[in-house]
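Student: Just the structure for this:
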Amino acid sequence: MTASIRWTIVAFVVLVGVVVALLTTLGGSEDDTTARAANDTPALSPQAAPPVGGPSPDEPVTVVDPETRAAVDLPECRDSAAEATTDGPVAGLMVRCMDDGSTTTLGKIQAGTPMVINMWAYWCEPCRRELPAIQEAADTLGDRVRVVVSHTDPSETKGFDTLGALGIDQMISVSDQEEELPGILGAPPVLPLTVFVRADGTVAHVLIQPMYSEQDVLDAVSEHLGVTV
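Tutor: Here you go, the predicted model:
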């Protein structure tokens, strides 16, 4: 990722933070308080996860050690018996599975099922806020849709630690350490970014706004993939 793209992402993250702060300051009503309680997004411990803010321009590539990886029971990336999706722009992208450290393609993970890929990074505050909502929606969708969260940053270690801090342990989690997926899609250099992929591998939609509730995610899946629950 070039320095200009990283600074564009930094500017976007800062802008989102300012908007959230202004809305919080101007709100403060009982209805707002109720709405925030309903979201019930978990608080992050600074000791448990890397800090938010912006991407490091010289982030080193790191990989989770096997002992740490084995201590967390993440879902397996793929079903080796299922036939891989071979068509579409993302099918051939190689990613690292966070559950066991192996590499595979998004096509093998998709295996002919509608798929949602959420691209996020440990330093992105809006990303952290929406991950719990995506996990809740994934639980509700079950086998109807393959939901994948892709850490788009060179440091798999920091992504892994952030998932643990948030309690995100029920979704297929991968590392796109070369940050290739946004470029393949021709997507804008912002995070979070969510891709809705049809069962045949074609991309139905690229969403460039966060989804902060389970219903937000389910509504987007219904609109872009035609899958309802």
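
Student: Low-confidence ranges, this protein, go.
Tutor: Flagging of the chain using pLDDT under 70 yields the residue ranges 1-48.

Student: For it, which segments count as helices?
Tutor: Across the chain, reading from the start of the chain, the helices by DSSP state H fall at 3-26, 30-39, 66-70, 106-110, 125-141, 156-166, 181-185, 214-225.

Student: what residues go with each domain of this structure?
Tutor: 1-36, 61-225 (automatic domain parsing).

Student: Tell me how many other residues crowd the residue nearest to Leu166 when sequence neighbours are not counted.
Tutor: Computed as Cβ to Cβ, 6 or more residues apart in numbering, the closest residue to Leu166 that is not its neighbour in sequence is Leu131, at 5.6 Å. Bear in mind the C-beta positions are built from the backbone N, C-alpha and C, glycine included. With neighbours defined by other Cβ atoms under 10 Å, the count for Leu131 comes to 25.

Student: I'd guessed Leu131 sits against Val149; true?
Tutor: Yes. In this structure, Leu131 is within contact of Val149 by Cβ atoms under 8 Å, at 6.7 Å.

Student: Report the distance from stretch 181-188 to the chain centre.
Tutor: What separates the centre of stretch 181-188 from the centre of its chain is 15 Å, taken as Cα atoms, centre = their mean, to the nearest Å.

Student: Return the set of buried residues in it.
Tutor: Burial within stretch 181-188, assessed by neighbour count using 16 or more other Cβ atoms under 10 Å, is assigned to 181-182, 185, 187.

Student: and Glu178, what does it touch?
Tutor: Counting by Cβ atoms under 8 Å, 6 or more residues apart in numbering, Glu178 makes contact with Pro154.

Student: Please apply the same query to Thr162.
Tutor: For Thr162, the set of contacting residues under the criterion of Cβ under 8 Å, 6+ apart consists of 49-50, 122, 128.

Student: again, only this time at 10 Å
Tutor: If a contact means Cβ atoms under 10 Å, 6 or more residues apart in numbering, then Thr162 has 44, 48-50, 52, 120-124, 127-128, 131, 151, 153, 155, 168 as its contacts.

Student: now Val229
Tutor: Listed by Cβ under 10 Å, 6+ apart, the contact set of Val229 reads 137, 140-142, 144-145, 218, 221-222.
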